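Student: give the three-dimensional model of this entry:
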Amino acid sequence: MAFLIASLICVLLFHGLAQETNGSELPTQCTGRTSMFCYPVIPSFIQIYGWNLSNVERLYLYDVYGLKWSLQTLPSGLFNWATNVQYLYMSDVGLENLNCDIFQPLRNSLNTIEMQRNLFREFPSCALKNMNHLKSIDFSYQNIESVIINDIELDSLSKIEMRQNKIISFSISNINNNNDITIVLDNNKISYLNISGVNCIKHLQVIENQLAEINHDIFHNSHATLVYLELSYNALNDDVWNVLEGVTSLETLKLKQNRLQTVSPSVITRLSKLVHLDLSHNYIKLLTDVLLRSGKMKTVLFNSNKLVNFPPNLIHDKITFRDSYHCTLDISNNMLNNIQLNMPSTSARLTLNLGQNELTTIQFNTNDREIESLNISSNRLVTLPETLLKAKPLHHF
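Tutor: Predicted structure coming up:
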């Protein structure tokens, strides 16, 4: 079958051997696991006939020697000759759109699509129809403004990455994914997030957008699968705690630099697997009834808020921090004038930052354990605390 494609040189890697060949001289058959790398030679198009590479599994298009691909779209029938391609990499080749049927010859094989740094303005969702083996798609670093993935069967999908676009509208529903899924949407312009039609969200990362509202049912099908959530550098208010009601499996929760004023005790208490908590750079004044009791904590960050009180029972000496690990508690840059802290009685190696407050009194409910690091600078202390913690000894070499 004849089809139109840029002139290219292909390097076939077969059993560790490399063979350079002109596009029209490609071998008629390959066996074993084969990868094909394609580079532009001249910025024009030629006819190429007779490709029969049924065992090609990985196809890469690269720029080389200062020459760039210029493919606004992919020619119809491009993949008729290689129906076993599993991994497709087409980064920075000038793509603006895709025909809806372009990947259909690969519907029983293709599992990864990487098309970063192209010129898409709309996400080509129709090209994903019937791609039930597709596991990962990456359309990062381009000009996509709208993403609508609705009513498309993507049973195997486990990763969507679209960072550094211009996405304003993002919607996914009824994709019927069976696998735990990771979604990364950093550095876009999304203000409202609704992906409640996605099953089994494991990792959701929407950093530095314009998020002000999240659909309350977004995690309805992910209460027991959501492990990592980062929504830092947005405009979220305390309604985010309503979104998290029912979630039990979180290990990492990062809501840095939003507009939070409170912390939900019921949500935090339910997170029995929590390891990393970052609520820094918000407007939180009180932590009433908040208890950290997972026994697995490594990072607790409340720095740069408006805290005037830090409850002494928020930290437990045995069932807050993970035993035998380096752990961090940062309450710096707040408005505290006194503090009473339960220090770990386990073997947790704690770094404690109380700097840049208004502390006149510090009371450590101390023990014989040494502290890894302590910062009490830029406060109003006249004398050091009577219960000052033991510092870790310096080792001389």
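Student: low-confidence regions, the protein specifically.
Tutor: Regions of the chain meeting the criterion pLDDT under 70 cover residues 1-34, 36-54, 64-67, 367-368, 389-397.
Student: now the helices for it?
Tutor: 240-243, 265-270 (DSSP state H).
Student: closest one to I160 among the ones you listed?
Tutor: Distance to I160, taken as CB to CB, is lowest for helix 240-243 among these, at 19.4 Å. C-betas here are computed from N, CA, C, even on glycine.
Student: what comes up buried for stretch 72-87?
Tutor: Within stretch 72-87, the residues that count as buried by 16 or more other CB atoms under 10 Å are 74, 77-79, 81-87.
Student: swap in stretch 132-145?
Tutor: 132-142, 144.
Student: what number of residues are in the vicinity of S345?
Tutor: 14 (other CB atoms under 10 Å).
Student: likewise N108?
Tutor: For N108, the count of nearby residues is 12 (other CB under 10 Å).
Student: re earlier: pipe the helices of the chain into CSV and attach mean neighbour count and distance to N334 per row.
Tutor: Supplementary listing: the helices of the chain in CSV, determined by neighbours: other CB atoms under 10 Å; distance: least, CB to CB, whole Å:
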stretch, mean neighbour count, distance to N334
helix 240-243, 18, 20
helix 265-270, 17, 18
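Student: and those as TSV, adding distance to V308?
Tutor: Converted to TSV, the helices of the chain look like this (distance: least, CB to CB, whole Å):
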stretch	distance to V308
helix 240-243	20
helix 265-270	18
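Student: nearest to N178 among these would be which one?
Tutor: Across those, the minimum distance to N178, taken as CB to CB, is reached by helix 240-243, at 24.0 Å.
Student: list the contacts for F321?
Tutor: With contact set as CB atoms under 8 Å, 6 or more residues apart in numbering, F321 has these partners: 295, 297-298, 315, 327, 344, 346, 348, 350.
Student: now those residues as TSV including distance to N237?
Tutor: Listed next are the contacts of F321 as TSV, based on distance: CB to CB, whole Å:
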residue	distance to N237
G295	30
M297	25
K298	27
I315	26
C327	29
P344	33
T346	36
A348	33
L350	32
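Student: returning to that earlier point: of all pairs in the buried residues of stretch 132-145, which one spans the longest distance?
Tutor: N132 and Y141 (27.3 Å).
Student: one step back: of all the buried residues of stretch 72-87, which two lie farthest apart?
Tutor: Largest separation among the buried residues of stretch 72-87 by CB to CB: G77 and Y87, giving 20.1 Å.
Student: tell me the contacts of N365?
Tutor: Under the criterion of CB under 8 Å, 6+ apart, the neighbours of N365 are 312, 317, 340-343, 387.
Student: ok, now with 7 Å
Tutor: With contacts taken as CB atoms under 7 Å, 6 or more residues apart in numbering, N365 has the following neighbours: 340-343.
Student: can I get these in CSV including neighbour count and distance to F123?
Tutor: Conversion of those to CSV gives the following (neighbours: other CB atoms under 10 Å; distance: CB to CB, whole Å):
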residue, neighbour count, distance to F123
Q340, 14, 53
L341, 21, 49
N342, 17, 50
M343, 20, 51
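Student: where along the stretch 101-250 of the chain do the strands fall?
Tutor: Along the stretch 101-250 of the chain, the stretches classed as strands by DSSP state E, counting those that start in this stretch are 112-114, 136-138, 146-150, 159-161, 169-173, 181-184, 192-193, 201-205, 213-214, 228-230.
Student: would JSON lines of these with distance to E122 be doable?
Tutor: Below are the strands of the stretch 101-250 of the chain laid out as JSON lines (distance: least, CB to CB, whole Å):
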{"stretch": "strand 112-114", "distance to E122": "16"}
{"stretch": "strand 136-138", "distance to E122": "14"}
{"stretch": "strand 146-150", "distance to E122": "5"}
{"stretch": "strand 159-161", "distance to E122": "15"}
{"stretch": "strand 169-173", "distance to E122": "10"}
{"stretch": "strand 181-184", "distance to E122": "18"}
{"stretch": "strand 192-193", "distance to E122": "18"}
{"stretch": "strand 201-205", "distance to E122": "22"}
{"stretch": "strand 213-214", "distance to E122": "23"}
{"stretch": "strand 228-230", "distance to E122": "26"}
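Student: tell me which of these lies nearest to R58.
Tutor: The nearest among these, by CB to CB, is strand 112-114 at 8.9 Å.
Student: paired strands for the closest one, with orientation please.
Tutor: strand 87-90 (parallel), strand 136-138 (parallel) (DSSP bridges).
Student: how about these in TSV, adding distance to H220?
Tutor: Putting the strands paired with strand 112-114 into TSV (distance: least, CB to CB, whole Å) gives the following:
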stretch	distance to H220
strand 87-90	33
strand 136-138	23
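Student: nearest to S264 among these would be which one?
Tutor: Once the strands paired with strand 112-114 are compared by CB to CB, strand 136-138 is nearest, at 33.7 Å.
Student: what's in contact with the closest one?
Tutor: Under the contact criterion CB under 7 Å, 6+ apart, strand 136-138 has outside partners 111-116, 158-161.
Student: kindly recompute the last result at 6 Å.
Tutor: Counting contacts by CB atoms under 6 Å, 6 or more residues apart in numbering, the residues outside strand 136-138 that touch it are 112-114, 116, 159-161.
Student: so which of the strands of the stretch 101-250 of the chain comes closest to K254?
Tutor: Closest among the strands of the stretch 101-250 of the chain, once you apply CB to CB, is strand 228-230, at 4.1 Å.
Student: check the offset of the closest one from the chain's centre.
Tutor: Relative to the mean C-alpha coordinate of its chain, strand 228-230 is positioned 7 Å out (CA atoms, centre = their mean, to the nearest Å).
Student: who does that strand touch, helix- and strand-wise?
Tutor: With contacts defined as 3 or more CB pairs under 6 Å, 6 or more residues apart in numbering; DSSP states H and E, the packing partners of strand 228-230 are strand 201-205, strand 252-254.
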